[in-house]
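Peer 1: Just to be clear, the model below is a prediction. Sequence and coordinates:
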Amino acid sequence: MTTSLRWMRCLFASLLLLSLHVHAQGKIEIIDVTVVGYGKDIKLATLDALDNAVSQVTGAHMESATASEMQQQVKDGNATNSESFKQNINKLSKGVVKSYQVLEQGKDADSGQMMVKVQAQIPRYEQSGQMKRLRLAVTPISIVNGLLDDASAIQFAEQLSAGTEAYLTQTRRFAMLDRRNSGAVEDEKGLIRKGDMSIEEMVKLTAKAASDYIVVLVLKDFSQNAETITRPNGREMERINMPVTVDIRVIDVPTHQIKFAQTYNHRGRTVTGKTIGMHATDIAQEIGETILNAIYPIAVIATEGKTMTLNQGGITVKNGRKYKLVKLGAPMVDPYTKESLGRQESDVGVVEITAVTSQMSTAKLISGSEEILEGGSLQLRPLPKGVVEDAAKSDAGKSDSADDDYAPKKKKSKDKDW
């Protein structure tokens, strides 16, 4: 590779990283607005005008605690038209007002109140492009009463919850909101509120977002038991079984509607040497994949012969994994509720992943006719592991280490229309 070519590649990589960083970070812009406020005196009229300015830019009024603190400031004799008040407005308003100037003031003839017109500079935090994705939060996992005294069950539950959250985050399909570390986040915000921070730091306090959906996990069953097995060569060995049952719900926050429901069952057979943490991580990936495919099924976006390009990559797709290929037909509507039931699905083949990139992947058709790839909408559905691993189980000597009872029991989604 020539020096110039190597330099060009390094430059391209640097620019790409920079663009990703800028895209991933929110930015602050200052909006100029002219508004009018009313009150029984000039001070309160000015505060009302500033509150109206914030509302016009952000769509929300100042927090009540902030507004009360500012009112207390002027009540104690700090005039709103004084230079000290104007210079400290950023700190007094907790960053929601950068500066302002009074354009006009006087008594309103119609209301009898004092009127103040101000031109205010209001910072607005523009959220990153990632926040335009579907916002999802994994709530802290619940454990049934019978397992609350089981330290192993508690350890498994915590690692299952963290693993599910990590998987969904790494899919890059959702804007994941944290619900596990709210205490630490609030402590950090407290430092911003108390410290003499810049406008950029103060404005971050106003950047709040609510989730569109929450993932609720309930650990219904978990246990460990040792099993002595005899291998074909006569040697005995001990294996740990860890059966698991988890209830999964995906709930629409505004309406409380259950959008997806499933009970995940693992009969407990594990490979030799598997720890609780490893077991939890594996099941978390299974659950995360189930949720991902319920909301965003893998879709075929291009075909060439028996080769197809898929719209998912990264950690969500594994090289060599096999999937069922389905063709989507006409939309279906429930005759009683008139709600969408999704679209007709026809099983048309089996595909195998042959290459994976960060954004996309490639698969080849290994079962089914090439003609089925011509026209129509095609999607992939995960095959149960028992089906995928049938060939591997033909060697009886490997049966003691195969995770062959791994397939979860699935209930059909209550509503496929996401």
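Peer 2: That came in fine, so what should we check first?

Peer 1: in the stretch 51-200 of the chain, which spans are strands?
Peer 2: Using DSSP state E, counting those that start in this stretch, the strands found in the stretch 51-200 of the chain span residues 99-107, 114-126, 134-138, 142-143, 174-177.

Peer 1: Would you mind getting the angle between the second one and strand 99-107?
Peer 2: Right, strand 114-126. If you take axes from the mean of the first three to the mean of the last three Cα atoms, to 10 degrees, strand 114-126 sits at 160 degrees to strand 99-107.

Peer 1: what do you get for the third one?
Peer 2: Taking the same axes, to 10 degrees, one finds that strand 134-138 is oriented at 100 degrees with respect to strand 99-107.

Peer 1: what pairs with strand 134-138, and is each one parallel or antiparallel?
Peer 2: Sheet pairing of strand 134-138 (DSSP bridges) gives strand 174-177 (parallel), strand 213-222 (parallel).

Peer 1: how about it: buried residues?
Peer 2: By neighbour count on 16 or more other Cβ atoms under 10 Å, the buried set for strand 134-138 is 135-138. Backbone N, C-alpha and C define where each C-beta goes, glycine included.

Peer 1: So which of the residues you listed is the closest to residue 209?
Peer 2: For the buried residues of strand 134-138, the minimum distance to residue 209 (Cβ to Cβ) is 6.2 Å, reached by residue 135.

Peer 1: check contacts around that closest one.
Peer 2: Contact analysis of residue 135 by Cβ atoms under 8 Å, 6 or more residues apart in numbering lists 174-177, 209-213.

Peer 1: Tell me the one among these nearest to residue 300.
Peer 2: residue 174 (21.8 Å).

Peer 1: residues near the closest one, how many?
Peer 2: 22 (other Cβ atoms under 10 Å).

Peer 1: before we move on, back to that, adding distance to residue 329, write the strands of the stretch 51-200 of the chain out as a markdown table.
Peer 2: Below are those laid out as a markdown table (distance: least, Cβ to Cβ, whole Å):
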| stretch | distance to residue 329 |
| --- | --- |
| strand 99-107 | 60 |
| strand 114-126 | 42 |
| strand 134-138 | 26 |
| strand 142-143 | 39 |
| strand 174-177 | 28 |
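
Peer 1: Which one, of those, ends up nearest to residue 267?
Peer 2: Among the strands of the stretch 51-200 of the chain, strand 142-143 comes nearest to residue 267, with 20.1 Å by Cβ to Cβ.

Peer 1: residue nearest the centroid of this protein?
Peer 2: Central residue of the chain (Cα atoms, centre = their mean): residue 176, 2.4 Å from the mean position.

Peer 1: May I have the beta-bridge partners of that residue?
Peer 2: Assessed by DSSP bridges, residue 176 has beta-bridge partners residue 136.

Peer 1: what domains does the record give for the chain?
Peer 2: 27-126, 130-296+396-418, 297-383 (automatic domain parsing).

Peer 1: Quick one: end-to-end distance for the first one.
Peer 2: Read it as domain 27-126. Criterion Cα to Cα, to the nearest Å; first-to-last residue distance in domain 27-126 is 5 Å.
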